[in-house]
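In: Below: sequence and its predicted model.
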Amino acid sequence: MSEKNLDYEAEGASVVKLHDSVRRERILPPSGREPLSFGPLILGAFVLLLGAGFLGAYGNGFKDDIFITSYYRPEPRPAGAGGDTAAAQLTYIDKVMKDGKRVYGNCVPCHQPTGLGNPGQFPPLKGSEWTAGGTHRFAAILLKGINGSLKVSGQTYTLPMPPWGTLSDQDLAAVITYVRHEFAGIEEPGIVTPEMVKAAREEFSGQAVPWTEAELLAIPKDEMLPGAQVDPVTGEPAGEKAEAPAQ
Amino acid sequence: MSLDPQHATADDVRERAAIDRSVRYPVLFFFTSAAAWLFVATLLGFLSAVKLRVPTLWEGCEFITYGRLFPVHMNALLYGWAMQAGLGVMLWLTARLTRSECRNPVTLIAAGNVWNIAVALGVVAVWFGAGRSLPWLDFPGWVAPLLGLSYVLIVVWLFPMFHRARAGEIFVSELFLLGAAVWFPWIYFSANLVIGKGGSATMGAGANAWYMSNLMYFWFAPVALAATYYLIPKIAGRPIHSYVLARIGFWVLAVCAGWTGFQRFAGGPFPAWMPAVGGAAAIFALLAVLVTGWNFRETIKGREKLWEYSPSLRFTMFGALMFVIFAALNAFSSYFGVSKILQFSHFVVGLDTLAVYGFFSMTIFGAIYYIVPRLTGTEWPSGSLIRSHFWLSAYGIATVVVTMLVGGIAQGGAIQQWNLGFGRSVEIGNPWIVGRIVAWLLIAFSNLGFFYQLALMFLGRGRASDGPTLIHKKPGEAASAEAAAGLEPEGAGV
């Protein structure tokens, strides 16, 4: 069909039968020449001040390594805490678990305080083969995140897991230990150290995008992060102690 | 003062009529298919809210889960209704402002069909579970080229019109229309590129938030403001108060809006400056909004009574007011102390609804009430149906915004109490969803009258003209909104 077939050509501009609404309409008057008045100027100055103040207060000099930390939930005071003395009595593993619980606050929105996740949306950590397995895989997931679907406890989940490589080695080590102890019920070999996480971070530094399920499955299921174990009570390297009976 | 300096000459009227005739088929095509999508979207909005309140309803049917209903609702509302109706308004406004006839209505209708097919494919894909789970970008990746292509095929025909425009002052609506025409391809392409091809999942989420913010500030806002800048002086018979202010508004929006977006994920794994820049830009963009609102207010000053009688003015002014409220809430919720509580709560849904329905859709309704009689040659059958359309929509928006804001504070506050547990925060937020159900019910009812009238107009069954259709007046009772309001004519309207 040619465009000319449409009847506006046929009716032409000379036809008298014009729509009433068009006829009673008047011309669009040229815009007014009012100069800037006082009101908008004051309003504008106020808005500019607000915006600039906001940028100054929160921009942190545009540094790439400063993150907003105030969004993390405050840790509750343990009941009957006696201040420094109580802290001093904590064993190393208690301290790590306490740290881990604090860092786990990042995971709570999706995986829930119970570690059960949200069915159909966020996979559980409790009873999951991924948390009960080796720490090598676990560290890989936390450092780089996951993209695409992932089968957990027989169910498939599709929402991406964000990478948490921005957390410190210490925080990551604590949260891995915490999740394994709290939700996977694993005691031995117990503690992931910041050194182990640091080594893993270097190992995976070439990985630019989140893992896929296939890539993760390529890491052996029960492989642990290499590195020296520490004593759960003192936090000292456990190497000499472990070797002592052999001598 | 001369008798009536704004009165159009016979040549003006003939030219205007020829322009309207040249664009009437594509514009009516966009309006009617957009209205059909709106019908789908409002029903789904209601259904998804019900499903969120009572998740056990029709349990086991994957097509009626909230995770699919809500994205389908939102995308049908955005691309099926809002953008499509916006394209129709864009086309008509451009033809009128540049005073050039549209030379290829058939091409435009063909491109419009591609747009509708793309939206339909995307909606079906999301409904069958192939969505991307990215708000406002839920359509699977392969829909994006199709949608982008049809957009380009539609708006590219605006440029010859601008080219043919007679020399003279550029009306401010033309700036907004040109801006919107070129900004959408940019943001749509960039967001899809970052999400589909590069970057981490974190960056993808950031690009997603950036896209949502900019679809609002770089497309919906300029198209709606172009319509408002055109309609207010036409109906009030007054020139725009200040050309300077109007241009300031445009340029502030153009410079600042592109930086907004990341504040939606403040506290996420981004360097602190990214959400800070987003929040600051949302505050700076407030400047454009306030200046524009001020300009509208000064233009209509002393003639506010027209609001009661002119359907177009009523809807567009309500839209402008909602724009100011939206921008203020958006800037307010950018503050870190506030966003910390509100960012993952119902509040966000309320804000999005306010922007897309309260501001953009209401403004576009105003434009449609103005444009369609000029295309069909008949008048809207009933002023009281228009009135009920307005009030039910207005109450619907007020309900959703208030309940989602209060419910969002309650829910977000509960999320902050880590020892309450996430489930408890859901329980606390849940009763407020009733507000969303009621709101979409009201909106669906309000739109029934609109669909009915638009269908009559489209089928040539509108009222034969004996004067404009005004609210509170019987047909033919008043020759114009001004006469109805008892104001001295400075120009003429409706």
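Out: That came in fine, so what should we check first? Numbers count the residues shown, from 1 in each chain, chains lettered A, B, ... in the order given.

In: Tell me how many other residues crowd whichever residue of chain B sits closest to chain A.
Out: Using CB to the nearest CB, B:Gly267 is the residue of chain B that sits closest to chain A, at 3.1 Å. From N, CA and C alone the C-beta is placed, and that goes for glycine too. B:Gly267 is flanked by 18 other residues according to other CB atoms under 10 Å in any protein chain shown.

In: and it, which of the three is it?
Out: coil (DSSP: H, G, I helix; E, B strand; the rest coil).

In: I'd like to know the phi and psi angles of it, please.
Out: The phi and psi torsions at B:Gly267 (degrees, to the nearest 10) take the values phi 90, psi -10.

In: Mind pulling up the pLDDT for it?
Out: Listed pLDDT for B:Gly267 reads 81.

In: hey, what's A:Pro237 bridged with?
Out: Under DSSP bridges, the beta-bridge partners of A:Pro237 are A:Val230.

In: Number of residues surrounding it?
Out: Using other CB under 10 Å, A:Pro237 has 15 neighbouring residues.

In: ok, now B:Pro271?
Out: By the criterion of other CB under 10 Å, B:Pro271 has 18 neighbours.

In: if I look at the closest residue to it other than its chain neighbours, how far off is A:Tyr58?
Out: Spatially, and ignoring its direct neighbours in sequence, B:Pro271 is nearest to A:Asp64 (4.8 Å; CB to CB, 6 or more residues apart in numbering or on different chains). In this view, A:Asp64 and A:Tyr58 are 15 Å apart by CB to CB, to the nearest Å.

In: who has more neighbours, those two?
Out: A:Tyr58 (20 against 11).

In: which residues sit in contact with the more buried one?
Out: By CB atoms under 8 Å, 6 or more residues apart in numbering or on different chains, the contact list for A:Tyr58 reads A:Ile68, B:Ala272, B:Trp273, B:Pro275, B:Ala276, B:Gly279, B:Phe336.

In: thinking again about what came up before, pLDDT at the residue nearest to B:Pro271, what is it?
Out: pLDDT, read off for A:Asp64, is 84.

In: tell me the phi and psi of it?
Out: phi -80, psi -20.

In: next one: A:Asn106
Out: According to degrees, to the nearest 10, A:Asn106 has phi -70, psi -30.

In: any idea how far it lies from A:Pro163?
Out: From A:Asn106 to A:Pro163 the distance is 12 Å (CB to CB).

In: cool, and B:Gly88?
Out: Taken as CB to CB, the span from B:Gly88 to A:Pro163 is 44 Å.

In: Neighbour count: the two, which is higher?
Out: B:Gly88 (29 against 23).

In: mind checking which helix or strand the more buried one is in?
Out: Secondary structure from DSSP states H and E places B:Gly88 in helix B:84-98.

In: can you pull out the strands in chain A?
Out: A:150-152, A:155-157 (DSSP state E).

In: and B:Trp380, how many neighbours?
Out: 25.

In: Was I right to think it contacts B:Met457?
Out: Yes - here B:Trp380 reaches B:Met457: they are 6.9 Å apart, a contact under CB atoms under 8 Å.

In: Overlap in contacts, the two.
Out: Joint contacts of B:Trp380 and B:Met457 (CB under 8 Å, 6+ apart) are B:Val372, B:Pro373.

In: Neighbour-wise, give me the winner out of the contacts of A:Tyr58.
Out: Neighbour max across these (other CB under 10 Å) = B:Gly279, 29 neighbours.

In: Tell me which residues touch it, please.
Out: A:Phe54, A:Tyr58, B:Gln263, B:Ala266, B:Ala331, B:Ser334, B:Tyr335, B:Phe336, B:Ser339.

In: if I read this right, B:Val277 contacts B:Gly261, doesn't it?
Out: No - B:Val277 lies out of contact with B:Gly261 (CB under 8 Å); the separation is 9.4 Å.

In: the more surrounded of those two?
Out: Neighbours were counted for B:Val277 and for B:Gly261 using other CB under 10 Å; B:Gly261 has more, 27 against 20.

In: per-residue pLDDT, the closest residue to the more buried one other than its chain neighbours?
Out: Leaving out its chain neighbours, the residue that sits closest to B:Gly261 by CB to CB, 6+ apart is B:Trp210, at 3.3 Å. On the pLDDT scale, B:Trp210 is placed at 95.

In: Which helix or strand contains the closest residue in space to B:Lys473 that isn't next to it in sequence?
Out: Distances taken as CB to CB, 6+ apart put B:Ala484 closest to B:Lys473, at 5.1 Å, once the chain neighbours are dropped. Using DSSP H and E, B:Ala484 sits in helix B:481-485.

In: residues contacting the residue nearest to B:Lys473?
Out: B:Glu308, B:Tyr309, B:Leu470, B:His472, B:Lys473, B:Glu477, B:Ala478.

In: how does it look with 10 Å?
Out: B:305-306, B:308-310, B:467-468, B:470-473, B:477-478, B:493-494 (CB atoms under 10 Å, 6 or more residues apart in numbering or on different chains).

In: swap in B:Arg164?
Out: B:Thr98, B:Arg99, B:Ser100, B:Glu101, B:Arg103.

In: Tell me the one among those nearest to B:Ala236.
Out: Relative to B:Ala236, the closest of the contacts of B:Arg164 is B:Arg99; by CB to CB it sits at 21.5 Å.

In: right, and that closest one touches B:Glu15 too?
Out: Yes - at 6.5 Å, B:Arg99 and B:Glu15 qualify as touching, with contact defined as CB atoms under 10 Å.

In: From the centroid of chain A, which residue is nearest?
Out: Closest residue to the average C-alpha location of chain A: A:Pro162 at 4.9 Å, with CA atoms, centre = their mean.

In: Now for A:Asn106 and A:Pro163: what residues contact both?
Out: Common neighbours of A:Asn106 and A:Pro163, using CB under 10 Å, 6+ apart, are B:Pro269.

In: how many neighbours does B:Gly60 have?
Out: Other residues close to B:Gly60 by other CB under 10 Å number 7.

In: Remind me which helix or strand it belongs to.
Out: For B:Gly60, there is no enclosing helix or strand under DSSP H and E.

In: B:Gly268 contacts B:Gly204, correct?
Out: No - counting by CB under 10 Å, B:Gly268 stays clear of B:Gly204, with 11.8 Å between them.

In: Now look at the longest helix along chain B and say if it contacts chain A.
Out: Longest helix in chain B by number of residues (criterion: DSSP state H): helix B:10-53. Yes - judged by CB under 10 Å from any CB of the partner chain, helix B:10-53 comes into contact with chain A at B:10-25.

In: quick one: least confident helix or strand in chain A?
Out: Within chain A, no helix or strand scores below helix A:7-11, which has a mean of 39 by mean pLDDT, DSSP states H and E.

In: before we move on, the earlier item: what about the helix holding B:Gly88, average pLDDT?
Out: 96.

In: just checking, what packs against it?
Out: Secondary-structure packing of helix B:84-98 (3 or more CB pairs under 10 Å, 6 or more residues apart in numbering or on different chains; DSSP states H and E): helix B:10-53, helix B:105-127, helix B:143-155, helix B:158-164, helix B:172-196, helix B:221-236, helix B:362-376.

In: any idea how far the residue nearest to the centre of chain A lies from chain B?
Out: 5 Å (CB to the nearest CB, to the nearest Å).

In: Would you enumerate the residues in contact with that residue?
Out: A:106, A:110, A:142, A:144-147, A:210, B:200-202, B:204-205, B:268-269.

In: try B:Pro381
Out: B:Pro381 neighbours (CB under 10 Å, 6+ apart): B:Gly449, B:Tyr452, B:Gln453, B:Leu456, B:Met457, B:Arg461, B:Gly462, B:Arg463, B:Thr469, B:Pro475.
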